[in-house]
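Asker: Let me see the structure of the following:
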Amino acid sequence: MTHGNKYEFVCQKNMKKQSDSVTGKRRDNGLSAATRKQRDSVIVQQKQGKTNEKKEEPK
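Answerer: Predicted structure coming up:
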C-alpha cells in the first residue's frame, strides 16, 4: 500500500512533535528551580502592575 510522499512528511512531523513533548523541552536555559521561580515571580508582578495601571486610568 503506497501512501505517497506527503504521508511520509506528515508521519515524520508527527514523530518529531511527539518526541519533543516526551522529552519535556522547555526554555529554562539550564536554570535551577529557585532561579526559575524567582524569574517567574518577577514576570507575574510586572503583569499585575500593568493590569492595576489600566484599572486606575480614568475613562
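
Asker: E53: what's it in contact with?
Answerer: Counting by CB atoms under 8 Å, 6 or more residues apart in numbering, E53 makes contact with nothing. Where C-beta positions appear, they are placed from N, C-alpha and C, glycine not excepted.

Asker: Can you tell me the element it falls in?
Answerer: Per DSSP states H and E, E53 falls inside helix 33-56.

Asker: model confidence over that helix, on average?
Answerer: The average pLDDT for helix 33-56 rounds to 91.

Asker: what's the spacing between E56 and G49?
Answerer: Distance, E56 to G49, by CB to CB, to the nearest Å: 11 Å.

Asker: again but with C11, I slipped
Answerer: 47 Å.

Asker: Tell me, what's the model's pLDDT at S19?
Answerer: According to the model, S19 scores 78 on pLDDT.

Asker: chain center to stretch 9-16, what's the gap?
Answerer: 20 Å (CA atoms, centre = their mean, to the nearest Å).

Asker: Same check on stretch 49-59?
Answerer: The answer for stretch 49-59 is 27 Å, by CA atoms, centre = their mean.

Asker: For E57, give its distance to G49.
Answerer: In terms of CB to CB, E57 sits 13 Å off from G49.

Asker: more crowded one of the two?
Answerer: G49 (10 against 6; other CB atoms under 10 Å).

Asker: mind listing what that one touches?
Answerer: G49 touches nothing, counting by CB under 8 Å, 6+ apart.

Asker: how close does it get to R39?
Answerer: 16 Å.

Asker: Kindly report the same for N52.
Answerer: From N52 over to R39 (counting by CB to CB), the distance is 21 Å.

Asker: Same check on Y7?
Answerer: In terms of CB to CB, Y7 sits 42 Å off from R39.

Asker: Among the two, which residue is more densely surrounded?
Answerer: R39 (13 against 10).

Asker: which residues touch the more buried one?
Answerer: L31.

Asker: now swap in the one 4 residues further on and tell me
Answerer: The neighbourhood of I43, defined by CB under 8 Å, 6+ apart, contains no residues.
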